[in-house]
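Asks: What follows is a predicted protein model with its sequence.
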Amino acid sequence: MPRYKYYDYNQTVMIPIELEKQIIAGTLEYAIHRLVEERVKIEPFEKKLKNDETGRPAYNPKVMLKITLLAYSKGIISSRKIEQACKENIVFMALSCQQYPDHSKIAEFISTMKEEIKLYIATPNNERGS
């Protein structure tokens, strides 16, 4: 009778991951990460946030912008799919610093920050419309 290696799906496995090492130089996600970290001023985004004294802390606009830009560049435009990517895709996990904004927060960011996002996205000759 053949013998097989034992396997057990009930075992606990801990895999250490250094998030910044998942953002590899020369990749699109690296370019997005560096661009947003070094060039984006969050003041225009902050004007629309009203949680200084009350309310839950907001997701950092830089994090939201990074995951939005990466998702859109990959053809992912559904906020539910972006939420899923943040939970399942190591690159999205790295860009979001393992924060998991839900689809409603992602959709709210995209819809309420349209003008602020447009400041950082080049659309030659306004080809994509508004």
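Replies: Everything's here; your move.
Asks: could you list every residue that touches the residue most central in space within the chain?
Replies: Using C-alpha atoms, centre = their mean, the residue of the chain that lies closest to the mean C-alpha position is residue 67, 2.1 Å off. For residue 67, the contact set (C-beta atoms under 8 Å, 6 or more residues apart in numbering) comprises 82, 85-86, 92, 95-96, 101, 106. Placement of C-beta: from N, CA and C, glycine included.
Asks: which two from those residues end up farthest apart in space?
Replies: 95 and 106 (12.9 Å; C-beta to C-beta).
Asks: These two: who's more crowded?
Replies: residue 95 (29 against 22; other C-beta atoms under 10 Å).
Asks: thought the more buried one was touching residue 23?
Replies: Yes: Residue 95 lies in contact with residue 23 (C-beta atoms under 8 Å); the separation is 6.9 Å.
Asks: which neighbours do the two share?
Replies: In contact with both residue 95 and residue 23: 29, 33, using C-beta under 8 Å, 6+ apart.
Asks: Check the burial of residue 53 by counting its neighbours.
Replies: Residue 53 is flanked by 5 other residues according to other C-beta under 10 Å.
Asks: likewise residue 107?
Replies: Neighbours of residue 107 (other C-beta under 10 Å): 16.
Asks: list the contacts for the closest residue to residue 46 other than its chain neighbours?
Replies: Setting aside the residues directly before and after it, residue 46 is nearest to residue 61 in space (C-beta to C-beta, 6 or more residues apart in numbering), at 7.3 Å. The neighbourhood of residue 61, defined by C-beta under 8 Å, 6+ apart, consists of 40, 42, 45-46, 109, 113, 116.
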